[in-house]
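Participant: Here is my input; please provide its structure:
(one chain, ligands or ions: 1)
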Amino acid sequence: MQRHREKPERMEKVIGIDLGTFNSCVAVVEGGTPVVIPNRGGYKVTPSMVAVTEAGKRLVGHIAKRQAVTNAENTVFAAKRLIGRKFNSPQVKNALTTCPYHIVEGPHADCRLQLRNKVYSVPEVSAMILQEMKIIAEDYLGEEVRKAVVTVPAYFNDGQRQATKDAGQIAGLDVIRIINEPTAAALAYGFGKNIDRTVAVYDLGGGTFDISILEISSEGVFRVISTAGDTFLGGEDFDQRVINWLVEGFKQEHDIDLRQDRMALQRLKDAAEKAKCELSSVLETEVNLPFIISSARNEALHLVRVLTRAKLEELIADLVERTIKICLMTLEEARLEKDEIEDVILVGGMTRMPKVQKGVSEFFEREPCKGVHPDEVVALGASIQGAALVDDSEDMNMVLLDVTPHTLGIMVVGGYFEEIIGQNTTVPTSSNKPFTTVRDNQTAVKILVLQGESKRAEENELLGEFQLTGLRSAKAGEVTVEVAFEINADGIVSVHAKDVETGKEQSITVTSTSGLTHEEIDAMMREAQDYSVQRREDEETEGAKQEAQTLIAEIERLFPEVEAVVAGSDFGRDAIDKARTVVDRARDLMERNDMSALKEQIDALSRTQRMFKGVVGKST
Ligand code: AMP
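Facilitator: Take a look at the predicted model:
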């Protein structure tokens with residue numbers, strides 16, 4: 001006989017967040033079923049945009065997007081492309097030329113974003129989006145949410161993963177697991193289906209491309225066989241091609257470079273993306289931007305141009321080709337033939353483009369699977385993983401075995417890169433390597449830990465410098481230090497060191513190369529909490545004001561009728577005078593922003609409104 005295992009009455013909810021380059025989405029498992037949580041506007045996805053207004057107010061999501069054209073310099077989009085990147089990386093250099101907002105160098109050679117007169121770290125900006133998703137979930141669930149599973153592109157390196165975790169912490173979320181976006185998509189696809197299948201997940205979003213090959217077993221094991229991608233290839237690059245085409249055309253016609261004007265650039269960006277999306281369902285569209293710029297003679301100039309689907313496909317053909325090459329590489333890594341892939345799952349907004357769908361189905365020689373929503377599937381998968389981590393009941397039984405997308409190693413003599421943990425190794429994993437001293441009486445060793453696929457160390461991503469200190473004084477080669485490298489289930493790397501002879505654990509100093517310090521994170525967390533409290537207060541204030549205004553409008557509307565009925569009696573006139581006083585006082589409190597008194601005054605307004613309704617009701 002088996003003991004019946006009771007579920008705890010109230011299991012803590014873990015939300016799944018797809019922190020996208022362009023849009024973010026939050027989901028939760030309810031009664032064994034994952035559901036996407038709509039935001040207040042009823043939308044299931046929220047733009048990953050943050051802005052600061054002239055008055056210093058923070059805007060996140062749709063409201064930030066709506067004002068992006070008029071406040072381009074202070075509106076951040078696609079922060080995910082910058083997260084965990086160094087200021088002097090080629091990707092950031094590229095962003096410097098294409099982004100209308102200000103990217104500046106931070107104190108750890110990282111990049112930071114200037115909004116109005118304040119400089120923010122990238123994780124801080126991502127935290128604002130995560131905080132928004134947390135609030136959306138809390139509004140829906142009616143309870144505080146503390147735990148989350150956040151997704152990242154499979155191809156994210158350690159720095160990018162760590163920075164995403166930092167963002168969660170700043171937002172007041174305990175990120176209990178980071179999972180890869182394609183893996184999350186496969187989870188949502190295979191969850192509860194009891195299937196044995198080998199699938200490919202092709203994920204082309206706004207900023208990144210990922211491909212993963214997975215084996216799904218009917219016992220609920222999701223095993224990633226290989227993964228690859230490009231963290232700088234996505235919808236934005238497609239938009240950029242359209243922008244370039246529009247800019248070049250305009251230049252030929254008017255000899256003016258629209259890129260010099262931030263506002264024009266933002267309008268072009270919006271128009272290019274809109275045209276690209278429209279061309280997924282129609283064959284041609286007109287880009288029409290009146291008053292885009294003024295000529296040297298101060299004439300207003302307009303941009304009007306027709307873009308056909310065929311032209312768009314020509315402009316972006318090589319980008320689709322790049323994704324297909326990566327698919328081929330991943331298949332080879334997995335040692336699989338195309339016909340061994342039984343289903344292809346499309347994820348990300350860009351997979352709505354017919355040219356992308358055609359490219360994928362031609363390559364895999366099969367139609368991609370229908371029935372998964374490209375914008376929601378990643379968040380749904382994250383919520384499933386979240387629920388499985390806190391709920392050990394039968395129906396949430398599943399195991400996720402992911403891989404590390406990059407080779408982990410160290411720099412050795414001659415500037416070469418020595419592999420310690422190979423690409424596509426199942427995580428969590430660990431590996432040890434012994435190191436010996438190279439000089440007599442050497443008491444410290446410096447180890448550079450890198451991630452990447454190049455044989456030359458300098459071409460890979462530097463994760464950190466590890467200084468092993470306090471070594472025993474001895475001849476060169478006589479001291480052996482064993483260094484253990486570990487990648488946890490989040491894909492995050494850690495390093496420990498031990499003196500082999502004495503067994504003594506070495507103290508190692510990690511010099512963060514682009515991350516944030518604990519002190520910085522603490523300070524940012526406090527600010528985020530203050531914002532959260534302030535926002536709730538503002539919302540309460542707004543709610544109270546609206547309630548008072550509605551009641552006042554109703555009382556005002558009833559005044560003439562009530563006066564006509566009761567004006568004949570002293571008691572009636574007295575009641576009317578009192579009602580006037582109640583309304584006047586409420587208005588005065590609103591003007592003075594005296595919220596605690598206004599909340600009390602709302603009771604008085606409600607009583608007056610009920611009394612008025614009673615009087616009018618009786619007279620009819
Ligand atoms: P995601 O990061 O998954 O939210 O994907 C966002 C990207 O998908 C953006 O570059 C969008 O412009 C693009 N996208 C959304 N809808 C469409 C569509 N109908 N056709 C082409 N691209 C689209």
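Participant: going forward, measure contacts between C-alpha atoms and count neighbours the same way
Facilitator: OK.
Participant: Could you check how many residues crowd around the residue in the stretch 501-620 of the chain that the ligand sits nearest to?
Facilitator: Going by CA to the nearest ligand atom, the ligand is nearest to Gly515 of the stretch 501-620 of the chain, at 24.1 Å. A total of 27 residues lie near Gly515 under the criterion other CA atoms under 10 Å.
Participant: do the same with the one 3 residues further on
Facilitator: The local packing of His518 (other CA under 10 Å) involves 10 other residues.
Participant: Bridge partners for the residue nearest to the spatial centre of the chain, pull those for me.
Facilitator: In the chain, the C-alpha nearest the mean C-alpha coordinate belongs to Leu19, at 2.1 Å (CA atoms, centre = their mean). Using DSSP bridges, the bridge partners assigned to Leu19 are Ser24.
Participant: Ser226 now?
Facilitator: Ile213.
Participant: hmm, back to that, surely the residue nearest to the centre of the chain and Val150 touch.
Facilitator: Yes: Leu19 is within contact range of Val150, at 6.8 Å (criterion: CA atoms under 8 Å).
Participant: can you map out the helices along the chain?
Facilitator: With DSSP state H, the ranges of helices along the chain come out as 62-66, 90-98, 122-141, 158-170, 181-190, 235-254, 262-278, 309-334, 354-364, 377-390, 518-566, 570-591, 595-619.
Participant: Which of the helices and strands in this protein ranks last by mean pLDDT?
Facilitator: Of all helical and strand segments in the chain, the minimum by mean pLDDT, DSSP states H and E falls on strand 508-512, at a mean of 55.
Participant: my read: Leu346 touches Val199, true?
Facilitator: No: under the contact definition of CA under 8 Å, Leu346 does not touch Val199, with a separation of 10.7 Å.
Participant: Please identify which of those two sits among more neighbours.
Facilitator: Leu346 (29 against 22).
Participant: Setting aside sequence neighbours, what's the nearest residue to that one?
Facilitator: Once its chain neighbours are removed from consideration, Leu346 has its nearest residue in Tyr202; the separation is 5.1 Å (CA to CA, 6 or more residues apart in numbering).
Participant: Return the residues in contact with the residue nearest to the centre of the chain.
Facilitator: When contacts are counted by CA atoms under 8 Å, 6 or more residues apart in numbering, Leu19 is found next to Cys25, Ser48, Ile129, Leu130, Val150, Thr151, Val152.
Participant: Looking at those, which one is closest to Ile103?
Facilitator: For the contacts of Leu19, the closest approach to Ile103 (CA to CA) belongs to Ser48, at 17.1 Å.
Participant: excluding its backbone neighbours, what's nearest the residue in the stretch 51-200 of the chain that the ligand sits nearest to?
Facilitator: When distances are taken as CA to the nearest ligand atom, the stretch 51-200 of the chain reaches nearest to the ligand at Ala78, 9.2 Å away. Nearest in space to Ala78, with sequence neighbours left out and distances taken as CA to CA, 6+ apart, is Thr21 at 4.7 Å.
Participant: That neighbour contacts Leu204, correct?
Facilitator: No: in terms of CA under 8 Å, Thr21 does not count as a neighbour of Leu204; the distance is 10.9 Å.
Participant: Report whether stretch 200-210 contacts the ligand.
Facilitator: Yes: interface with the ligand: stretch 200-210 contributes Gly205, Gly206 (CA under 6 Å from any ligand atom).
Participant: From the chain's centroid, how far away is that stretch?
Facilitator: Centre-to-centre, stretch 200-210 and its host chain are 14 Å apart (CA atoms, centre = their mean, to the nearest Å).
Participant: May I see the buried residues of it?
Facilitator: Ala200, Val201, Tyr202, Asp203, Leu204, Gly205, Gly206, Gly207, Thr208, Phe209, Asp210 (16 or more other CA atoms under 10 Å).
Participant: What's the separation between the first one and Glu333?
Facilitator: Distance of Ala200 to Glu333, given as CA to CA, to the nearest Å: 13 Å.
Participant: Repeat that for the second one.
Facilitator: Summarising the geometry, the distance separating Val201 from Glu333, computed by CA to CA, is 15 Å.
Participant: thought Glu105 was touching Arg112?
Facilitator: Yes: with contacts defined as CA under 8 Å, Glu105 counts as touching Arg112 at a distance of 5.9 Å.
Participant: Mind checking which of these two has more residues around it?
Facilitator: Between Glu105 and Arg112, Arg112 has the larger neighbour count (other CA under 10 Å), namely 26 against 16.
Participant: Show me how the protein divides into domains.
Facilitator: According to automatic domain parsing, the chain comprises the domains 14-234+318-402, 235-317, 404-509, 518-619.
Participant: Get me the contact residues on the protein for the ligand.
Facilitator: Contact residues of the chain with respect to the ligand, defined by CA under 6 Å from any ligand atom, are listed as 20-23, 205-206, 235-236, 273, 276-277, 280, 348-350, 352-353, 375.
Participant: Could you list the low-confidence segments of this protein?
Facilitator: Within the chain, the segments meeting pLDDT under 70 span 1-10, 506-514, 618-620.
Participant: rerun that using 80 as the cut-off
Facilitator: With pLDDT under 80 as the threshold, the chain has low-confidence stretches at 1-10, 370-371, 394-395, 413, 466-468, 499, 501-515, 567-568, 570-571, 617-620.
Participant: Tell me which residues touch Glu418, please.
Facilitator: Going by CA under 8 Å, 6+ apart, Glu418 touches Gly409, Ile410, Met411, Val412, Lys455.
Participant: which residues does it bridge with?
Facilitator: In this structure, Glu418 bridges to Ile410 when assessed by DSSP bridges.
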